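Engineer: I need the structure of the sequence given here:
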Amino acid sequence: MAIAPISAVMTMNRVQNEQKVSMDKKAAPQSVQPQMPEANSGAALRSYFLGGNAVSFGFNCSTGKFVTKQIADVPCCCCGGRMILQKDLGKVAGSFARNKGEQLADKINRDKDYFRSNQGTIAGMIAIEAAKNPGMDAKGAIAEIGTDFQGKLKNYCQGVLDKTNEIAKANLGEKNVVSDLIAAEKEKVAQGNIDRISFTEKLVAMQEKGQIDPVSYDMVINSAMELPQNTERAMKHFNKVAFKDNGGIFNELLKESTQTIEHVHPHSLGGPNDTDNYLAECGECNHPRGNMSYLKWIQVHPEYPVNAQKHIEWFQQQIVDGKIDSKYDDYGTKIKATLSKESDGRMELKVLDKQKIQELRNKARHGEHVSVSEEIEKQEKEKQYENA
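Structural biologist: Alright, predicted model coming up:
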């Protein structure tokens, strides 16, 4: 399956900055220290990913000691949502559970990137009900949803499609192919046929044909991903919270948003515990994949390539800002090679090399403004000029 071009991400970053869509809502701790290397991990990783070519890789490291596991609100490399540290789950769940009425609805809508699509569907339905009643808490909203789950699920999905349509019209004009597709999808939802994967595959096909520009595609696909995968998945998550108290409801809806570490080459297939085989990913994205190939997994998460690029830019920005230790200066170039190999060249990250990272860090230390996203954009333009 073809994938959206990663090179468009640099433009996306500027658009999203203007819209104040930030993946750094909370400051990362100062200079997180990684586990010291036990030994160069070369043999297994070199052999698998680079066909035996001699190259120096990173270091052996348990998933629990990987640097991001000490940082709150890291953006998931797959869905792009903020991830919660396991130790903070109760606190974050409580920040939602203590609210009622419009305050609860506002909290859910403001921090919806803490929820993943299927769980976010239930949270979104709670927000709709709570907004109608000043004294309604999450437990009360769940009880109300239970009186007509199918009908309220349809209303939620119609709302997501309406919002996606607004994005499409704002970016592509009043008359556009995406809006036509959304209109057809709304008819299916009205009949009770909810199938997000089928819908997003059609969006991907439009992007591949050049019917959607990369910036608009990024915005549209991430909005569409707020739909549940299907009715059965939404019902499954509703049943999990149907009889819980307020705290239990949000603990359940948020627990798969906790940070995990994905083995790019699956551990079950021999993937090593090595920093160059790790990407920070939420449980909702990591656990179901198992050892599925990336080409199949991207059918479930078509937004993965764009969000992986955003993730690596976030990671390299933390290094430049001194929030991640210099031991990871070459992480970008190495995870790029790993991901490219594992996806048969279909996912090609744009990264800064170790020398450039060190140069930018020195500038930042002297008070200069440094943007990794802007530097990557500049780098890619220079490459295009050289190849012209």
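
Engineer: Pull out the buried positions in stretch 290-306.
Structural biologist: The neighbour-count criterion (16 or more other C-beta atoms under 10 Å) identifies 294, 297, 298, 300, 301, 302, 303, 304, 305, 306 as the buried residues of stretch 290-306. From N, CA and C alone the C-beta is placed, and that goes for glycine too.

Engineer: Would you reformat these as CSV and include pLDDT, distance to residue 278 and secondary structure?
Structural biologist: Converted to CSV, those look like this (pLDDT from 0 to 100; distance: C-beta to C-beta, whole Å; DSSP: H, G, I helix; E, B strand; the rest coil):
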residue, pLDDT, distance to residue 278, secondary structure
294, 86, 15, helix
297, 87, 17, helix
298, 86, 19, helix
300, 86, 21, helix
301, 89, 18, coil
302, 89, 23, coil
303, 89, 20, coil
304, 92, 16, helix
305, 91, 18, helix
306, 91, 20, helix
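
Engineer: so where do the helices sit in the stretch 201-350 of the chain?
Structural biologist: Listed in chain order, the helices of the stretch 201-350 of the chain (DSSP state H, counting those that start in this stretch) span residues 214-224, 231-241, 246-254, 283-289, 294-300, 304-320, 331-342.

Engineer: domain parsing for the protein?
Structural biologist: With automatic domain parsing serving as the domain definition, the record reports that the chain contains domains spanning 6-85+258-387, 87-255.

Engineer: where among the ones you listed is the average confidence lowest?
Structural biologist: Looking over the domains of the chain, mean pLDDT reaches its minimum on domain 6-85+258-387, with a mean of 81.

Engineer: tell me what the helix or strand that contains residue 378 is packed against?
Structural biologist: Secondary structure from DSSP states H and E places residue 378 in helix 372-387. Other helices and strands packing on helix 372-387, by 3 or more C-beta pairs under 8 Å, 6 or more residues apart in numbering; DSSP states H and E, are helix 9-18, helix 304-320, helix 354-365.

Engineer: Can you point out the buried residues in the second one?
Structural biologist: Within helix 304-320, the residues that qualify as buried by neighbour count (16+ other C-beta under 10 Å) are 304-320.

Engineer: chain center to that helix: distance?
Structural biologist: Here the centre of mass of C-alpha atoms in helix 304-320, compared against the chain's by C-alpha atoms, centre = their mean, to the nearest Å, lies 10 Å away.

Engineer: just the CA coordinates of stretch 203-213, formatted as PDB?
Structural biologist: What follows is stretch 203-213 as a C-alpha-only set of coordinates in PDB (Å, rounded to 0.1, in the frame of the first residue of the first chain):
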ATOM      1  CA  LEU A 203      -8.800   9.100   1.400                       C
ATOM      2  CA  VAL A 204      -5.400   7.500   1.000                       C
ATOM      3  CA  ALA A 205      -6.200   6.600  -2.600                       C
ATOM      4  CA  MET A 206      -7.300  10.200  -3.300                       C
ATOM      5  CA  GLN A 207      -4.000  11.500  -1.900                       C
ATOM      6  CA  GLU A 208      -2.100   9.100  -4.000                       C
ATOM      7  CA  LYS A 209      -3.900  10.300  -7.100                       C
ATOM      8  CA  GLY A 210      -3.000  13.900  -6.200                       C
ATOM      9  CA  GLN A 211      -6.600  14.900  -5.500                       C
ATOM     10  CA  ILE A 212      -5.600  16.000  -2.000                       C
ATOM     11  CA  ASP A 213      -2.500  18.100  -1.300                       C
END
